[in-house]
Each structure stands twice: as structure tokens, then as C-alpha cells.
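A.B. asks: Have a look at this prediction, sequence included:
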Amino acid sequence: MPQSSPYQPVLLRILHSAAAILIVLALITGFWVYNTYDKRWGGLALPTLGDIQGIHGTIALTFLLLFPFFALYSFRLGDRRLVQQSFGQLNQLGKPIWWVTMHRVANTLMLLAATFSVVTGRMMKEEWLPAGEVNRSWYLAHLVAWAVLFLSLALHILLGVKVGGVPLIASMFNWSRREDDTPRTWLQGFKTRHSSSILRIIEAIVIGGILLAFILPVFNL
Ligand code: HEM
Ligand code: HEM
């Protein structure tokens with residue numbers, strides 16, 4: 001790895017790579033579900049897959065199982081890459097620090113958008129779309145979540161490229177490891193409390209949303 005490449009902790013790379021792969025697959029298979037049963041805002045000439053809902057559900061559920069760990073990592077170990085208490089840099093429009101601030105906002109937005117997707121997805125029923133029930137509110141909310149997540153991901157990657165270029169993006173997916181980056185040190189620096197109240201509120205929304213996503217369907221609302 002060239003000296004100038006940023007280094008990402010192994011734990012972050014594992015959790016983030018899994019999240020990135022699963023979210024991209026959820027976006028594609030989710031679109032495929034819409035393309036199979038709805039298409040009212042346009043569609044693509046994709047082949048019809050009989051069990052596309054099941055495929056999507058499995059990928060999305062796998063993401064939901066991973067998400068609490070990734071979210072906890074981000075809030076408790078990687079919080080310096082999320083929104084900070086001071087938004088003072090926001091008036092330095094166009095300066096490098098402004099872009100870094102926007103990148104942190106985009107990272108945080110990814111966590112919120114993914115939360116919205118899993119909560120609305122867990123409220124969907126597999127029977128609705130094959131029965132032509134395409135105006136169910138949870139389905140429409142789940143479609144909005146798709147669009148929000150798609151746009152957030154585009155922003156997240158574009159701002160990543162803007163702030164750190166291709167080396168930053170590549171550093172998130174490469175295989176090198178520092179000798180002292182071993183499982184024993186992974187949780188070093190885990191914060192039990194945030195100094196930032198904004199982050200505390202956002203964390204409550206994300207962790208609360210994930211818990212809701214696990215619990216709500218049990219009540220079959
Ligand atoms: C156009 C986009 C999308 C459509 C039409 C769609 C459709 C659906 C449908 C029909 C279900 C019910 C399937 C089942 O229970 O097996 C579902 C579940 C779910 N979806 Fe989506 N989805 C879309 C995008 C997404 C995205 C981007 C995510 C992000 C993670 C997501 C997360 C979920 C989750 C967590 C479930 C619950 C899975 C389960 O409990 O088994 N969906 N979605
Ligand atoms: C293919 C897609 C993706 C790419 C190329 C990508 C790229 C990146 C990069 C380069 C960083 C490092 C930023 C830095 O060092 O300042 C980062 C951080 C982050 N990404 Fe992604 N990302 C992707 C998908 C996702 C997804 C799907 C999520 C959420 C579900 C996500 C959430 C985050 C978060 C929360 C951080 C900050 C981590 C921390 O707190 O340490 N990313 N991403």
C-alpha cells in the first residue's frame with residue numbers, strides 16, 4: 001500500500017464491506033420486485049424471477065442482522081466520521097473542511113436511510129404485491145425508503161471521492177493489515193458515552209429503529 005493511502009481498521013472494513021454488498025444487493029433485488037409487480041413510474045426489461053420477493057427478503061434480513069453491529073461500530077468507535085457537535089464549518093462553503101463536514105453528514109445519512117428501509121421493509125407482507133395491492137402505505141413508504149437510500153448512497157460515494165479520491169474508496173475494500181490491528185485491539189476506544197448531543201439523538205433513532213424493525217412485525221400490525 002502506498003504511504004499516502006489512508007488506513008481503515010480491519011473491523012470497520014469487515015462490517016462496512018458486508019453492509020455495502022448487502023445494501024447494493026437489496027437495492028437491486030428491491031428494484032426487481034418493483035419491476036415485477038408495479039412499474040408505475042417506469043421499469044426495465046428484466047426477466048421475471050418467480051421468487052424475487054424471497055430472494056430480496058433473505059438479503060434484506062441478512063443486512064438487518066448485521067446492521068446493529070455496524071451501527072454500534074459507527075457510533076461508538078467511528079464517531080469522528082459522523083456528524084459532529086459543531087456545524088461551524090458549514091459556513092466555509094466550498095473549502096476543504098466544508099467537504100469533509102458534508103462527507104460526515106452523508107455517512108450519517110446512510111445510517112438513517114438504512115434504518116428507514118429496514119423498518120418499512122419489515123412491515124411489508126409478501127402477499128400484497130402478487131395480489132395487486134400496490135397502494136399499501138407500508139409499500140409506498142418502502143419505495144420512498146429505496147429512493148432515499150439510493151440517493152444517499154450516491155452522495156456518500158461521490159463525497160468520498162471528492163474528499164479522499166480513489167485511494168480513500170480503495171482503502172475501504174483492500175486487504176492489507178497493520179500488525180497491531182488484531183481482534184484483541186478491535187474494541188479499544190469503545191465509547192460508552194458521546195460528548196455530542198446531536199449524535200446521541202441520531203444514535204437513539206437508528207438503534208431504536210433497528211429494535212423496532214426486529215419487534216414490530218411480531219405484533220403483525
Ligand atoms: C424498490 C425497492 C424495494 C421493494 C419493491 C421492496 C419490496 C419488499 C418486499 C415485497 C418485501 C417483503 C418480502 C418478504 O417478506 O419476504 C420486503 C422486505 C424487506 N425489505 Fe425491501 N424492497 C425494496 C428495497 C429495499 C431496500 C433498499 C432495503 C434495504 C435494506 C430493503 C429492506 C427490506 C427488509 C429489511 C425487509 C424485511 C425482510 C424480512 O423480514 O424477511 N428493501 N421488501
Ligand atoms: C459500495 C458502496 C460504498 C462505498 C464505496 C463506501 C465508501 C466509504 C468510504 C470511502 C468511507 C470512509 C470515509 C472516511 O474515511 O472518512 C465510508 C465510511 C462509512 N460508510 Fe460507506 N461506502 C459504501 C456503502 C455504505 C453503506 C451501504 C453504508 C450504510 C449502510 C455506509 C455507511 C458508512 C458509514 C456509517 C461510514 C463511517 C464509518 C465510521 O463511522 O467509521 N457505506 N464509506
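C.D. replies: Looks like it came in fine. Note that this is a predicted model, so its numbers are computed, not measured. Numbers count the residues shown, from 1 in each chain. Ligands and ions are numbered 1, 2, ... in the order given.
A.B. asks: Now do the contacts for whichever residue of the chain sits closest to ligand 2.
C.D. replies: Distances between the chain and ligand 2 by CB to the nearest ligand atom are smallest at G78, namely 2.2 Å. (Each C-beta comes from the backbone N, C-alpha and C, glycine too.) G78 makes contact with L12, according to CB atoms under 8 Å, 6 or more residues apart in numbering.
A.B. asks: So for the biggest helix by length in the chain, what gets flagged as buried?
C.D. replies: Criterion DSSP state H: the longest helix present in the chain is helix 137-171. For helix 137-171, the buried set under the neighbour-count rule, 16 or more other CB atoms under 10 Å, comprises 138-139, 141-143, 145-146, 148-149, 152-153, 155-156, 159-160, 163-164, 168, 171.
A.B. asks: Neighbours of W41, how many?
C.D. replies: Using other CB atoms under 10 Å, W41 has 8 other residues around it.
A.B. asks: Check R200 too.
C.D. replies: Neighbour tally, R200, other CB under 10 Å: 13.
A.B. asks: Report the secondary structure state of it.
C.D. replies: Put simply, R200 is helix when judged by DSSP: H, G, I helix; E, B strand; the rest coil.
A.B. asks: hmm, back to that, packing partners for the longest helix of the chain?
C.D. replies: helix 10-37, helix 96-122 (3 or more CB pairs under 8 Å, 6 or more residues apart in numbering; DSSP states H and E).
A.B. asks: What mean pLDDT does the last one get?
C.D. replies: So that's helix 96-122. Helix 96-122 shows a mean pLDDT of 96.
A.B. asks: Quick one: check it for contact with ligand 2.
C.D. replies: Yes. If you take CB under 6 Å from any ligand atom as the test, helix 96-122 does meet ligand 2, through 107, 110-111, 114.
A.B. asks: Scan those residues and report the most crowded one.
C.D. replies: A114 (27 neighbours).
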